[in-house]
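Asker: Any chance you can model this:
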Amino acid sequence: IRAEPESTASRCLPKNPELVRARPGLNLLQRTSARKPGHTNRNRGAAEMSLYPKLQSYIEHLQPAVVSIPDSRKETLKRVSEYIRKKLDSGEAAKLNFICTHNSRRSHLAQIWTSVAAYHLGIDNIDTFSGGTEATALNPRAVAALERAGFQIETAGDGGPNPEYRVRFDVSEEPLICFSKTFDHRMNPEREFAAIMTCSDADENCPFVPGAEFRLPVTYRDPKESDGTDEEADVYDERCRQIAAEMFFMMREVNTFARKS
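Answerer: Residues are numbered from 1 along each chain as shown. A predicted model of the protein is given here:
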């Protein structure tokens, strides 16, 4: 289902988000928040964090997946961490726009997990977005994988070909509003943001993202290849866990850079 059928190359202009409110919380294994003086919380304190129990358990069991991230991949993720740390140290919000072709699977998973990782690790001033070079719909298989991980998700309105989902991860937190959109959507940041390319097609066809001050490919294999097979749920769960682990590693490294400086 394609809401805005246009060529990939023609959509290489930014705009599209799902503004996320980063919230303080617990570390992946233990609390290691390293805020510097002058960095204030935009949200409630750690004591008020109430992740859904199933999601909390999922996060607590991510460590083996984090450990298994290849060293070369970690170095790539650390480049994003360093960008975020520099923005925060300058007193600015770090705006991260995750971009893939259809904004239907990988870019949403990365956007959502980065939001939760920032919240869980107590890193403030993180705004996350996602978009595509084309708009289709947030794939229900990706939604199901997130639900299996412990998110609570509901459809807003009457659905339609490109439904708007409310993705909840904490009982007291506002939901993330997720739907497919082009990355030149009006809600997307127009300047001073990081463009994180989550699929090779978008990376190859959009070598330049207007307004982005930082651009880096962090690509993932498309779980779409398993659609309609017996392995479908397993493949989506695997990709969901991989992205969760990598986004937690990336955000944890933000605190590591803080302690080094």
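
Asker: Name the residue closest to the centre of this structure, please.
Answerer: residue 111 (1.7 Å; C-alpha atoms, centre = their mean).

Asker: Which pLDDT value belongs to the closest residue to residue 224 other than its chain neighbours?
Answerer: Closest residue to residue 224 apart from its sequence neighbours, by C-beta to C-beta, 6 or more residues apart in numbering: residue 105 at 6.4 Å. Every C-beta, even on glycine, is put in place using the N, C-alpha and C of the backbone. pLDDT recorded at residue 105 is 98.

Asker: Compute the number of surrounding residues for the spatially closest residue to residue 50 that is not a sequence neighbour.
Answerer: Leaving out its chain neighbours, the residue that sits closest to residue 50 by C-beta to C-beta, 6+ apart is residue 171, at 4.5 Å. Neighbourhood size, residue 171 [other C-beta atoms under 10 Å]: 12.

Asker: same deal with residue 117?
Answerer: 28.

Asker: Can you give me the separation between it and residue 185?
Answerer: Relative to residue 185, residue 117 is positioned 24 Å away (C-beta to C-beta, to the nearest Å).

Asker: Over to residue 109?
Answerer: For residue 109, the distance to residue 185 - C-beta to C-beta - is 18 Å.

Asker: Same check on residue 108?
Answerer: For residue 108, the distance to residue 185 - C-beta to C-beta - is 14 Å.

Asker: So for the two, which sits in the more crowded spot?
Answerer: residue 108 (29 against 21).

Asker: pull the CA atoms of the helix or strand the more buried one falls within into PDB?
Answerer: Secondary-structure element containing residue 108, defined by DSSP states H and E: helix 106-120. Listed next in PDB are the C-alpha coordinates belonging to helix 106-120 (Å, rounded to 0.1, in the frame of the first residue of the first chain):
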ATOM      1  CA  ARG A 106      13.600  -0.900  10.100                       C
ATOM      2  CA  SER A 107      13.400   2.900  10.400                       C
ATOM      3  CA  HIS A 108      10.500   2.700  12.800                       C
ATOM      4  CA  LEU A 109      12.200   0.000  14.900                       C
ATOM      5  CA  ALA A 110      15.300   2.100  15.200                       C
ATOM      6  CA  GLN A 111      13.400   5.200  16.000                       C
ATOM      7  CA  ILE A 112      11.300   3.500  18.700                       C
ATOM      8  CA  TRP A 113      14.200   1.600  20.300                       C
ATOM      9  CA  THR A 114      16.400   4.700  20.400                       C
ATOM     10  CA  SER A 115      13.600   6.500  22.200                       C
ATOM     11  CA  VAL A 116      13.300   3.800  24.800                       C
ATOM     12  CA  ALA A 117      17.000   3.400  25.200                       C
ATOM     13  CA  ALA A 118      17.400   7.100  25.900                       C
ATOM     14  CA  TYR A 119      14.500   7.000  28.400                       C
ATOM     15  CA  HIS A 120      15.900   3.900  30.100                       C
END
